[in-house]
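Chemist: Would you be able to build a 3D model of this:
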Amino acid sequence: MKQPEQQNGTLPEPTKSELEILQVLWQNGPSTVRVVNDTLNEQLREVNYSSTLKLMQIMLDKGLLKRSIEGKNHVYHPAEHQEITQARVIRGLATIAFGGSPAFLALRALGSGDTSPEELEQIKLLIQQIENQQNK
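Modeler: Residues are numbered from 1 along each chain as shown. Next comes the predicted model:
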């Protein structure tokens, strides 16, 4: 049963396991289930091939992944760009856990971990860009 989009035209928010698979595909580019499964096993934890295959089939049905056939291989790739998916996940998390405020989410995230000087510089630049857009 294929349900690629919700009623508002957007894809469903991916689960934690689905995000792990998407992260592999964003990092490595279009890949087979074998490559994704091997990467998950190397980077995160032991995952059975059949579990990865089933989850990627579900993601295909949900519209989170697309698939092409190259020879005998089924090659999967994300249905949307990383930034779009991440923005949707952040909006969802901000709505659920931070009263709808992305700013509260950002403050909590920055206050709960080590932020490198390079990351702080990127944050400053982003704040300047947002301020410039608001002042137009």
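Chemist: Helix or strand with the lowest mean pLDDT in this structure?
Modeler: helix 102-111 (a mean of 85; mean pLDDT, DSSP states H and E).
Chemist: Residues contacting that helix, please?
Modeler: Ile90, Arg91, Leu93, Ala94, Ala97, Phe98, Ile123 (CB atoms under 8 Å, 6 or more residues apart in numbering). C-beta here means a position set from N, CA and C on the backbone, and glycine is covered the same way.
Chemist: ok, which pair from these is furthest apart?
Modeler: Ala97 and Ile123 (20.3 Å; CB to CB).
Chemist: what about Asn48, neighbour count?
Modeler: As a burial measure, Asn48 scores 10 neighbours (other CB atoms under 10 Å).
Chemist: What distance do you get for it to Thr115?
Modeler: Note on Asn48: its distance to Thr115, by CB to CB, to the nearest Å, is 36 Å.
Chemist: surely Phe41 meets Ser51?
Modeler: Just so we're on the same page, residue 41 is Asn rather than Phe. No. The pair Asn41 / Ser51 is not scored as a contact, 11.0 Å apart, by CB atoms under 8 Å.
Chemist: Is it possible to mark the buried ones in the contacts of helix 102-111?
Modeler: Neighbour-count burial (16 or more other CB atoms under 10 Å) is assigned, among these, to Ala94, Phe98.
Chemist: mind listing what's buried in stretch 86-106?
Modeler: Buried, per 16+ other CB under 10 Å, within stretch 86-106: Arg88, Ala94, Phe98, Leu105, Ala106.
Chemist: Tell me where the protein has helices.
Modeler: Residue ranges of the helices in the chain, as given by DSSP state H, are 16-28, 33-43, 49-62, 82-97, 102-111, 117-134.
Chemist: Can I get those helices in TSV including distance to Gly71?
Modeler: Listed next are these as TSV, based on distance: least, CB to CB, whole Å:
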stretch	distance to Gly71
helix 16-28	19
helix 33-43	14
helix 49-62	18
helix 82-97	27
helix 102-111	43
helix 117-134	41
